[in-house]
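# Give me a model of this one.
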Amino acid sequence: MTGIEDVHVPYRGTPAAHSALLAGDVHAMFDAIGSSMAHIQAGTLRALGVSATTGLRVPDVPLIGDVVSA
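Numbering: from 1, shown residues only. Below is the predicted model of the structure:
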């Protein structure tokens, strides 16, 4: 629908993936909110959305379902 092309890049764990993301080696990442929260709060990462259906609210991060249906 969007025409976005992506490439899966495997990393040996979340810390290595976060390092690559923060260094600009990769442009996006799907991650558990718990391991990304410190970076989000520090402003070094920007969360585009949370994939939870209900109950999980992160300040200033919309539920993906709310964004898609808008």
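# low-confidence ranges in this protein?
For the chain, the stretches with pLDDT under 70 are 54-57, 67-70.
# which residue ranges form the strands in it?
Using DSSP state E, no strands are assigned anywhere in the chain.
# which stretches of it form helices?
According to DSSP state H, the chain carries its helices in the segments 14-23, 33-42, 64-69.
# Take these and write them to TSV, including distance to residue 5.
C-betas here are computed from N, CA, C, even on glycine. Formatted as TSV, those follow (distance: least, Cβ to Cβ, whole Å):
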stretch	distance to residue 5
helix 14-23	18
helix 33-42	24
helix 64-69	20
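# which one of those helices lies closest to residue 2?
helix 64-69 (11.2 Å; Cβ to Cβ).
# what about residue 3, how many neighbours?
Per other Cβ atoms under 10 Å, the neighbour tally for residue 3 reads 4.
# ignore the last one, residue 36
19.
# what does residue 17 give?
Neighbour tally, residue 17, other Cβ under 10 Å: 20.
# same thing with residue 41?
Close neighbours of residue 41, defined as other Cβ under 10 Å, add up to 11.
# How much space separates it from residue 30?
Going from residue 41 to residue 30 by Cβ to Cβ, to the nearest Å gives 19 Å.
# Check residue 37 too.
Residue 37 sits 15 Å away from residue 30, going by Cβ to Cβ.
# of these two, who's got more company?
residue 37 (15 against 6).
# Could you find the closest non-adjacent residue to that one?
residue 58 (7.5 Å; Cβ to Cβ, 6 or more residues apart in numbering).
# from what I can see that neighbour touches residue 49, true?
No - with contact defined as Cβ atoms under 8 Å, residue 58 does not count as touching residue 49 (9.3 Å).
# coming back round to it: ok, which of the helices of the chain comes nearest residue 6?
With respect to residue 6, and counting by Cβ to Cβ, the nearest of the helices of the chain is helix 14-23 at 13.9 Å.
# what angle do that closest one and helix 33-42 make?
30 degrees (axes from the mean of the first three to the mean of the last three Cα atoms, to 10 degrees).
# Next, count neighbours for residue 33.
Residue 33: 14 neighbours (other Cβ under 10 Å).
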